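J.: what shape does this take:
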Amino acid sequence: MTQLTMLGFEAEEQLQDVLAVIPELQQRRGLHLGFLTGAAAPADFAALTSSSHLKYASLERCNMAAAAPRHMFRTGRLLPGLLMLQIGIDMD
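T.: Model prediction:
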C-alpha cells in the first residue's frame, strides 16, 4: 500500500484515523477527503502535505482546527508539484 498514488475518503470515517494512515503513503500524488467526522489536533494535519509528490489535494467538509494550516504549510515544506489545492471545510 505504500506505493498508492491516489487516496480518497468521502464517508463518515473518523478524521483522526485517516490522518494517521496518510504519512505511510509517501508516493501519493492526489488526496481527496470529504465529510470526515470527529476532530484531530492541528499538528495531525501536517500529514496532508507530507508527500513532496503531491499534485492535487481537496478537503471538503472536514472539521479542521483553525491552526491546522500552520502545520500543513510550515516554513521549509516543499511542494514543488502542487498544482491544485481546494479547501472547503468547517473550521472550529
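
J.: pLDDT below threshold where in this structure?
T.: 1-2, 89-92 (pLDDT under 70).

J.: now do 90
T.: For the chain, the stretches with pLDDT under 90 are 1-18, 21, 23-27, 33-39, 52, 59-66, 69, 74-78, 87-92.

J.: hey, where'd the helices end up in it?
T.: 15-21, 68-72 (DSSP state H).

J.: return the most buried member of those.
T.: Ranked by mean neighbour count, the helices of the chain are led by helix 68-72 with a mean of 19 (mean count of other CB atoms under 10 Å). Quick note: C-beta positions are derived from backbone N, CA and C, even for glycine.

J.: show me the contact partners of that helix.
T.: 42-46, 48-49 (CB atoms under 8 Å, 6 or more residues apart in numbering).

J.: please tell me I have it right and residue 60 contacts residue 36.
T.: No: using CB atoms under 8 Å, residue 60 is not in contact with residue 36; the gap is 9.2 Å.

J.: the two: who's more crowded?
T.: Taking other CB atoms under 10 Å, residue 60 and residue 36 do not tie; residue 36 has more neighbours (25 against 15).

J.: spatially central, which residue of this structure would that be?
T.: residue 48 (2.7 Å; CA atoms, centre = their mean).

J.: could you check how far it is from residue 67?
T.: Using CB to CB, to the nearest Å, we find residue 48 at a distance of 14 Å from residue 67.

J.: the residue nearest to the centre of the chain contacts residue 57, doesn't it?
T.: Yes: with contact defined as CB under 8 Å, residue 48 counts as touching residue 57 (6.4 Å).

J.: hang on, the earlier thing: which of the contacts of helix 68-72 lies closest to residue 23?
T.: Nearest to residue 23 among the contacts of helix 68-72: residue 46, at 8.6 Å, using CB to CB.
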